[in-house]
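1. Build me a model:
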Amino acid sequence: MIIRIKKLFAKYWLITLLLLLSILPLLPASPLIQHTPPRDPGIFLYIGSRLLHGDVPYRNVWDDKPPMIFLINAFGLWISAGSRWGVWILEVFSSLAAVWLAFTVLKRSFGITAAALGILSGLTILLLTLLGGNYTEQYAIPFQFASIFLLVEAERREKAWPAFVCGIALGFIFFLRQNLISVGAAIAIYLVIRSIINHSWNPFRQLVIIILGAVSVSIAFLVYLAIQGALPGFWDGAFVYNVLYSNLGLLEHIKALGDTLQFFGQFSILLIPLLVWLLALVLLLLHGTSTTIKILRNGLTRWILLAGGILFIVVGFGANLLPGSRQGMGLLKQAAIIFGVILAGLAILQVLGFFSKFALPRLEKITYQLSPASASIIAIAVIWYPLEVGMVNLSGRSYLHYYMAICAICTVLYAFLANQIQRAFAFRNAGKVNIFLILVWSIGLVLTLIKNPINSMRVMYTPGPENSTQLQAVRYIEANTQPEDKVLVWGAEPVVNFLSQRSSPLRYPHVYPFYIDNYGGKALSAEILADILTKKPVLIIYTRDTPFVNITSDHTCLMPAQPLLAGMDDVMKAVCSNYHYAGNIGSTGWKVYHIDN
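-> Got it, this is the predicted structure:
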């Protein structure tokens, strides 16, 4: 038995090591270290706990995310009898599954060493962006790799079931968070292009089967919500609210994209994939030289290049007109203008016949062969990367955990880079090249972690404060209320409700919808007012990060200075009429209002 275990370890030692390393980014998120979950994970935990008490998402407890993240949290809390450890265990299983699937896909395309180095790079990005864990982006990673794995299986086996299951994986991604579906869009575009280039209906058939798989998941979720009477609330929260929340103009989205590229420039581990993507694009074009030549000879190409050139030039010069933009010609603005000039110049060269007379005859002699196993992965990655970066910026807000969404595609690009380095030095001793590559790569990742200004390794693995404002609020609630009492936390900290096991009187665990123009209006204000008056929360804790009524110690009632939504002033007046100021909590000065006896 011991000999058999030793043989298995000798055979699978690398994947075993990677699986163990995949747990390291999650250690700071364990309840042992993280005493108070961050804001969004706290919302998911609270909603998950309410589902275990019989509430229905959107109908009884609302959020702007699709339902899968709430079901994951509910299941995690269920398996651990309400403890956060169950959710953390699901995070661990999610990370293990992602690493296993990534290794399975990447070793077949790029080799074992390149796959391992790509996964180590992805885990490093995950460590830098996890920020407490239990985010939608985190749970999507194994489904992203599963969809790629199943697509490759569908192409290799030429059977329908892997494509159908691929669609199921993509459907789960969509119901985690809508803007994480970039990998699905990349797969769809890839299959359509393959169908056109190869003059074959087979890739298109695979796409139809994938869509059927995704639709089956959608039907299952929608039927569940419809049976529970939650379908209107789902549409209202996951789509209507998000459209209003992300209601930015074109220039604002372009500015957000510029901010992302500037952010990448500060961290080499995020900037390198952009450069690798450009390399992959060039090599993919050289791999399909005949197709590239057809594109360059097409008359429509010149107009596309010219339009793209003009767009980038306008963006480069027009960025200074954006509100709040830094004036002058920074690196990104200069790069946009230079890239625009290059595209416009290529359009002019095509008009002058440069490609057909000089470039294309020489291009026909240049080829770069990618292996069949890697060509499809690289083709998908080339499409996937810009889509993922664009989706990260969809809301125009650059929260750090949003960039967790690019972990999977960056893992693929890093594995491709390692493979290309191996290929470039193939004439030397392969074993020595691999050892040197692993050594240099590992040192680079360690330096990235040491020098990274966002996260300090010492702070990350140090237990959080046991006297945070949230925990002080929890202790105050437990000392001054009964378990059946309602407690309203006016802000975005339902983690206080979760940790104190006191439910909110409102359907909304956070108050951001109350301050979105054109959302809810008088009907929303009337619902809030009715819930406060009928369910009578014993305490109202005001976290002071949104406009709210200010009741002073001498019973003076000060209305918010900011304009309120229609009907919201009645809510404020009701609070003033029925509650009194009872003191502050914590260093941030959360205000406590007690109900009048």
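2. Could you list the low-pLDDT ranges of the stretch 151-300 of the chain?
-> Scanning the stretch 151-300 of the chain for pLDDT under 70 picks out 246-259, 262, 265, 288-299.
3. quick one, helices of the stretch 101-250 of the chain?
-> Using DSSP state H, counting those that start in this stretch, the helices of the stretch 101-250 of the chain run over residues 112-129, 136-157, 160-174, 182-197, 202-227, 231-235, 242-245, 250-266.
4. mind checking which of those is nearest residue 410?
-> For these, the distance to residue 410 is smallest for helix 112-129, at 5.7 Å, taking C-beta to C-beta. Where C-beta positions appear, they are placed from N, C-alpha and C, glycine not excepted.
5. pLDDT of the closest one, averaged?
-> In this model, helix 112-129 has a mean pLDDT of 92.
6. can you check stretch 439-455 too?
-> Computed over stretch 439-455, the mean pLDDT rounds to 74.
7. ok, now stretch 547-556?
-> The model assigns stretch 547-556 a mean pLDDT of 86.
8. Tell me which helix or strand residue 276 sits in.
-> Under the criterion of DSSP states H and E, residue 276 resides in helix 268-287.
9. Mind listing what's buried along that helix?
-> Within helix 268-287, the residues that count as buried by 16 or more other C-beta atoms under 10 Å are 269-270, 272-274, 276-277, 280-281, 283-285, 287.
10. Do a quick rundown of the strands in the protein.
-> Assigned by DSSP state E, the chain shows strands spanning 487-490, 539-542, 550-551, 557-558, 579-585, 590-595.
11. what's the most buried one of the ones you listed?
-> strand 487-490 (a mean of 26; mean count of other C-beta atoms under 10 Å).
12. what separates it from the chain centre, distance-wise?
-> Counting by C-alpha atoms, centre = their mean, to the nearest Å, strand 487-490 is centred 28 Å from the centre of its parent chain.
13. same deal with stretch 197-213?
-> 27 Å.
14. And stretch 78-94, by the same measure?
-> Relative to its chain's centre, stretch 78-94 lies at 21 Å (C-alpha atoms, centre = their mean).
15. Pull out the buried residues from it.
-> Going by neighbour count (16+ other C-beta under 10 Å), the buried part of stretch 78-94 is 80, 84-92, 94.
16. Enumerate every residue touching residue 546.
-> Residue 546 is in contact with 490-492, 511-512, 514-515, counting by C-beta atoms under 8 Å, 6 or more residues apart in numbering.
17. if we go to 6 Å?
-> residue 511 (C-beta atoms under 6 Å, 6 or more residues apart in numbering).
18. That one and residue 98, how far apart?
-> The spacing between residue 546 and residue 98, counted by C-beta to C-beta, to the nearest Å, is 36 Å.
19. again, but for residue 415
-> From residue 415 to residue 98 the distance is 14 Å (C-beta to C-beta).
20. Give me the more crowded residue out of those two.
-> residue 415 (32 against 27; other C-beta atoms under 10 Å).
21. Please narrow the buried residues of stretch 78-94 to those residing in helices.
-> Members of the buried residues of stretch 78-94 lying in helices (criterion: DSSP state H): 84-92, 94.
22. Same list, the residues you listed, but as JSON lines with distance to residue 466 and pLDDT please.
-> Shown next, in JSON lines, are these (distance: C-beta to C-beta, whole Å; pLDDT from 0 to 100):
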{"residue": "84", "distance to residue 466": "15", "pLDDT": "95"}
{"residue": "85", "distance to residue 466": "18", "pLDDT": "96"}
{"residue": "86", "distance to residue 466": "22", "pLDDT": "96"}
{"residue": "87", "distance to residue 466": "20", "pLDDT": "96"}
{"residue": "88", "distance to residue 466": "18", "pLDDT": "96"}
{"residue": "89", "distance to residue 466": "23", "pLDDT": "96"}
{"residue": "90", "distance to residue 466": "25", "pLDDT": "96"}
{"residue": "91", "distance to residue 466": "22", "pLDDT": "96"}
{"residue": "92", "distance to residue 466": "24", "pLDDT": "95"}
{"residue": "94", "distance to residue 466": "28", "pLDDT": "96"}
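23. possible to save those residues as CSV with distance to residue 232?
-> Output for those, formatted as CSV (distance: C-beta to C-beta, whole Å):
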residue, distance to residue 232
84, 32
85, 35
86, 31
87, 29
88, 34
89, 34
90, 29
91, 32
92, 36
94, 31
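24. out of the residues you listed, which one sits closest to residue 133?
-> residue 91 (5.4 Å).
25. about what we covered before: looking at the strands of the chain, spot the one closest to residue 476.
-> Closest to residue 476 of the strands of the chain, according to C-beta to C-beta: strand 579-585, at 5.9 Å.
26. Give the other helices and strands that the helix holding residue 276 contacts.
-> helix 250-266, helix 372-392, helix 407-424 (3 or more C-beta pairs under 6 Å, 6 or more residues apart in numbering; DSSP states H and E).
27. Kindly recompute the last result at 7 Å.
-> helix 112-129, helix 250-266, helix 372-392, helix 407-424 (3 or more C-beta pairs under 7 Å, 6 or more residues apart in numbering; DSSP states H and E).
28. In the third one, which residues are buried?
-> This points to helix 372-392. Result for helix 372-392 [16+ other C-beta under 10 Å]: buried residues 374-389, 391-392.
29. Name the nearest residue to residue 222, ignoring sequence neighbours.
-> Leaving out its chain neighbours, the residue that sits closest to residue 222 by C-beta to C-beta, 6 or more residues apart in numbering is residue 231, at 6.6 Å.
30. State the distance from that neighbour to residue 69.
-> Residue 231 is 18 Å from residue 69, by C-beta to C-beta.
31. do the same with residue 196
-> Here the criterion is C-beta to C-beta. By it, residue 196 lies 37 Å from residue 69.
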